[in-house]
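Q: Mind looking at a prediction? Sequence and model below.
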Amino acid sequence: MAVDRDAAVLLEGVTKVYAGRVHALRGVEMRVARGEIFGLLGPNGAGKSTLVKIMTTIVRPTTARGTILGAPVGHRPTLARVGYLPEHHRFPPYLTGRQCVEFFGAMSLMRRPERRARASALLDVVGMASWAERRVGTYSKGMQQRTGLAAALVNDPELVILDEPTDGVDPVGRREIRDVLLRMRDEGRTVFLNSHLLGEVEQVCDRVAIMLQGRVERQGSTRELTHESRSWRVTIEGATPAWLGEFAAFGAVALPEPGTDRKWIEFKSDDTAVLQALVDRLRADRIAVVGIRETRESLEDLFIRLVRDVDGRAKAVGAAAVGKGR
């Protein structure tokens, strides 16, 4: 496997089969560039947490090729350069927030003065400075998540892996955590974000991977993943042009704009040359173009469509297998 120095995470052929021939991962391939926020999406049972645990050496893969920060997957010393916030993490309730963050620093072999300074700075960054000396047992779920985020950053990691970091956090807290993630990227860190909150992911992630039934179905930026759904609405004044049928291949239709004498010409294409050709024809006929708007499928719409497609394929395969068995 060729070395990719621009990749923080590079995975090929990652599989995990549990007892009873339960296939959690089925040949996962994924690339996360250094210095980006990368989102991992998928429904419950898709294999997201299993993949994260393989990356952090908590779970041993059945097969795996690839690298984490340039070292082979499973290389434990590399974890000193990785920060990790697991899903459903638990701190000892008798420790204070500061003690929890410092404890994580101690596990990373940080010297006491360094980890104390980092704990104070990070608790301030995540909005927990005023609660630093209170026991974690008095914290809300959102406060524990913020403290966990500080703990994941205490060792000044190059790669930060966050498993559902905004779980149980109120809207204000989620925005503050998003700001922290963006700051981490600006500092040159790589953030690997496992989340089921599609809106959150769409707002902060540079690229995403969608996992379904143990496989990566799609991977890329939101713009790249939704380019096939790109469509246009051109608002005009005047009569519908007689030649609009020439754009029928793109589903072009003219619709009246409610409450006005204007019309919308709507069509679907990911090629701006088609839009330009339409606008040129309108102007040649002296038809006023008063607005152009681009629309795309949202990440949520794409996700739901992929889930339905994969479920449909799985049901078809299952039905075919049953039919052969008769």
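A: Structure's in. What do you need? None of the values given here were measured: they were computed from a predicted structure.
Q: And for residue 224, the neighbour number?
A: Number of residues near residue 224 (other Cβ atoms under 10 Å) recorded here: 12. Any C-beta I mention is one placed from the backbone N, CA and C, and that applies to glycine too.
Q: Distance of it relative to residue 218?
A: With distances taken as Cβ to Cβ, to the nearest Å, residue 224 is found 9 Å from residue 218.
Q: now the strands for the stretch 51-200 of the chain?
A: 63-68, 71-72, 82-85, 159-163, 190-194 (DSSP state E, counting those that start in this stretch).
Q: How about the contacts made by the closest residue to residue 184 other than its chain neighbours?
A: Closest residue in space to residue 184, ignoring its immediate chain neighbours: residue 191 at 5.5 Å, by Cβ to Cβ, 6 or more residues apart in numbering. With contacts defined as Cβ atoms under 8 Å, 6 or more residues apart in numbering, residue 191 is in contact with 36-38, 159-160, 162, 181, 184-185.
Q: Now flag whichever of those residues is closest to residue 310.
A: Set against residue 310, the nearest of these by Cβ to Cβ is residue 38 (21.3 Å).
Q: Surely the closest one touches residue 207?
A: Yes - assessed by Cβ atoms under 8 Å, residue 38 is found in contact with residue 207 at 5.5 Å.
Q: quick one: which of these two has more around it?
A: Under the neighbour definition other Cβ under 10 Å, residue 38 and residue 207 were set side by side, and residue 38 has more, 24 against 18.
Q: tell me which element the more buried one falls in.
A: Using DSSP states H and E, residue 38 sits in strand 37-41.
Q: Direction included, what does that strand pair against?
A: strand 190-194 (parallel), strand 207-212 (parallel) (DSSP bridges).
Q: that older thread, can I get the contacts of residue 191 in JSON lines with pLDDT?
A: As requested, the contacts of residue 191 are arranged in JSON lines below (pLDDT from 0 to 100):
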{"residue": "36", "pLDDT": "96"}
{"residue": "37", "pLDDT": "96"}
{"residue": "38", "pLDDT": "97"}
{"residue": "159", "pLDDT": "97"}
{"residue": "160", "pLDDT": "96"}
{"residue": "162", "pLDDT": "93"}
{"residue": "181", "pLDDT": "90"}
{"residue": "184", "pLDDT": "90"}
{"residue": "185", "pLDDT": "93"}
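Q: ok, residue 155 to residue 21 distance?
A: The gap separating residue 155 from residue 21 is 38 Å, by Cβ to Cβ.
Q: just residue 42 next, same as before
A: For residue 42, the distance to residue 21 (Cβ to Cβ) stands at 21 Å.
Q: Which residues does residue 85 form beta bridges with?
A: Residue 85 has the following beta-bridge partners by DSSP bridges: residue 162.
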